[in-house]
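have a look at this prediction, sequence included:
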Amino acid sequence: MFRRVSVKVLAVLLIAWQATAGTPVDVYIITGQSNSLGTTSNETGDYTPDTHPADSLTNFWWNNVSVDGVTYPPSSYGSSGNVFKTLQMQQGDGGSNPSWWGPEFGFARTLYDAGRTNFVIIKASNSGSGNTQWDKATFDTNNGMAAMWGHVSNNVMTALGKLATSGRTFNVRGLMYIQGEGNTIQESHIAGQRFDLLYSNLMAAINNSYPGTATNMYAVMGEIGGGQNVGIQLITTTNQMAAAASNNAIAFVTTHDLPLKIDALHFGKSAKLEIGMRLANCFLGRPTIVSVGFTNVTNAIDANSVVFDQYVPDTNGTNDGVNLIAPNPFTGFVNGTNGQPPVGLLASGAAGRVVFADFSGTNTTSDIQCGQFDFAGNGFPADWTDSGTNVTFTFVDPTNQSSVALVKAAAFELVSPSKTNNVTVSIYDGRGDPLYNSGVITSGRLGFEAREAFTEVATSAVAIVTLQGSNSVRWTVGHTGGSGIPDFGWKGWRQTSAYERWSFQIADPTLRADAADADGDGVANLTEYAMGTSPTNRASSAKLQGVWTNGNFAIQFPRANVSDITWFVEETSALSDNPTWAIIASKQGTQPWAGPATVQETDNNGTENVSVLDPDSTANAHYVRLRISRP
């Protein structure tokens, strides 16, 4: 009698989703006033958003308008003609703005770079007005005073209707909103309340027409231009931030670090792309980056820091000069140079070296010098040099420098004798994807913290901090006054697990969980990790086989040489609502196999081919499964 066998991999069965042509499309909505619309006036150079592969693949619906507080429907600057087109600049105002384009470009490109292509964007923005324009209750009594509610809701419903009639199912995933520069003082005080109502009313309207499609819609507010100024803008920003803090379905993205154009109100090309990226990161599960101040990082209970001159002493005393030229990466912090404690921090300079020097007059100090400065050409000693135009700090495991670590926040001091240093800070996650690219920062002590976008809880997500400056302009990382003040600090340091580092090859952070199936091949990530297959290639998937060998039944599968997986091969005599499974073979990490079954392994170019022989020699029908787990 042939033995009935059922093979089961639990990690695989947790999720077996496969992308098909019928997969619901994700819908994102953008609205607001001029910084949502995206001005192109007052640009100092090319005002276009350049090009990206996402542009021709993104389905984009737009209808941008001008409102006057009286007329409904509002006057249109131009639209996509009630159809979805590819992502593109939109019709301008016929005057100083030859075209409109806003955060939709950076948003779409960031989603695309994370592997998402099954989405559409609906944009309905105006050139300037207070938040009453988006108030449904006002619209119900006076259409013209709240024309934007009617305009947004009508365009969303029309666009969704186009999707529905074309046979596409959809989920409305996000609402993005940049509005507030045009608020009155009264509107600024209720800016958070007004957005709450817009969000809830739009969700209800969508669900009323297309039940359940907006139930999981999240919302992100972008900070307005001049959002930290005194007066109406600051009141607006404060109330919008409070609304986000009180609702875990709403996030707030700061933008006041980004440069405004000469009108001191509108964002230019680079800032608009950056804002789009920050908005998209919220929907990708990436953190927002918030400026929190230097001492909020360095004085935290879980803080760590380095004083550069304790690792690399000032060898010149009160005289200026170079103290150390180290090739990339500088490992002195990790190795505990000069008798200091080892810490998980590497440093690298753009010039292929990290230069510690004292160019600060009579101070006794040793700091990282940058700028690709022509010392000899400016009358300084010919042997003076620096680290180049940028310096990068990478958090690592001190016991394994190739293993990335993550922190909640990083802080540093920037010193420059010139106000034209043009230094910016870029912050990256463990995969190396950008979380934040600042505008120009000036001399001072600075701190940046990663926070989960919707809960605002600090999270260890920062792996790399890069400071980038101008060519031929001197600047310094570190406290040039000595006195033991930290030069570079961080808090919330943690090691990454082997699985987490492996999962960084998956571009979309929301698809990195054990049970997720990043490539849609029906095999969970944890199974691909354990069996040595690729989570990003559908043609590379684990194979579990039942075979007869020399009269015995065996199950065979590949096993990667990873140390954090526990394997269980189990059997039961019958499948019921709550069967009893007996372990016939198990293996924990690097320990040998144990159990009554005979296990044979053969090498296969870095993985092991495993064969587990069934120890039950009777002809009774029974079932066998493979179960894997990790701590």
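On my side now, so go ahead.

what's the burial count for N561?
11 (other C-beta atoms under 10 Å). Yep, even glycine has a C-beta here, placed from its N, CA and C like the rest.

who are the neighbours in contact with it?
532, 606-608 (C-beta atoms under 8 Å, 6 or more residues apart in numbering).

now the phi/psi pair for it, please.
phi -90, psi 70 (degrees, to the nearest 10).

go on, the one 5 residues further on?
Dihedral pair for T566: phi -110, psi 130, per degrees, to the nearest 10.

what does L111 give?
Backbone geometry at L111, expressed as degrees, to the nearest 10, gives phi -60, psi -40.

quick one, grab the pLDDT at it.
Confidence at L111, expressed as pLDDT, is 98.

nearest residue to it other than its sequence neighbours?
Distances taken as C-beta to C-beta, 6 or more residues apart in numbering put A280 closest to L111, at 5.3 Å, once the chain neighbours are dropped.

burial check on that neighbour, number of neighbours?
A280 has 26 neighbouring residues, counting by other C-beta under 10 Å.

chain center to stretch 179-197: distance?
In this view, stretch 179-197 has its centroid 28 Å away from the chain centroid, taken as C-alpha atoms, centre = their mean, to the nearest Å.

shaky segments in the protein?
Regions of the chain meeting the criterion pLDDT under 70 cover residues 1-21, 362, 418-420, 482, 619.

any idea how far P259 is from F267?
In this view, P259 and F267 are 8 Å apart by C-beta to C-beta, to the nearest Å.

just give me the neighbour total for A498.
15.

and if you look at T510?
Neighbours of T510 under the rule other C-beta under 10 Å: 14.

I'd guessed it sits against R286; true?
No. The criterion here is C-beta atoms under 8 Å, and T510 misses it with R286 at 9.4 Å.

can you tell me the closest non-neighbouring residue to T533?
S540 (4.6 Å).

now G78
Leaving out its chain neighbours, the residue that sits closest to G78 by C-beta to C-beta, 6+ apart is Q91, at 2.7 Å.

check Q369 too.
D386 (4.0 Å).

any idea how far R431 is from the residue nearest to T533?
Distance of S540 to R431, given as C-beta to C-beta: 19 Å.

now the strands: where do they sit in the stretch 101-250 of the chain?
Here the stretch 101-250 of the chain has its strands, by DSSP state E, counting those that start in this stretch, at 119-125, 170-178, 218-222, 250-253.

roughly how far does the nearest residue to D46 once chain neighbours are set aside sit from I235?
Excluding the flanking residues, the one nearest D46 by C-beta to C-beta, 6+ apart is K269, at 7.3 Å. Noted for K269: a distance of 29 Å to I235, by C-beta to C-beta.

do G45 as well
Distance of G45 to I235, computed by C-beta to C-beta: 34 Å.

give me the beta-bridge partners of the residue nearest to G78?
According to DSSP bridges, the residues that bridge with Q91 are S99.

contact partners for N207?
By C-beta under 8 Å, 6+ apart, the residues touching N207 are 213-215.
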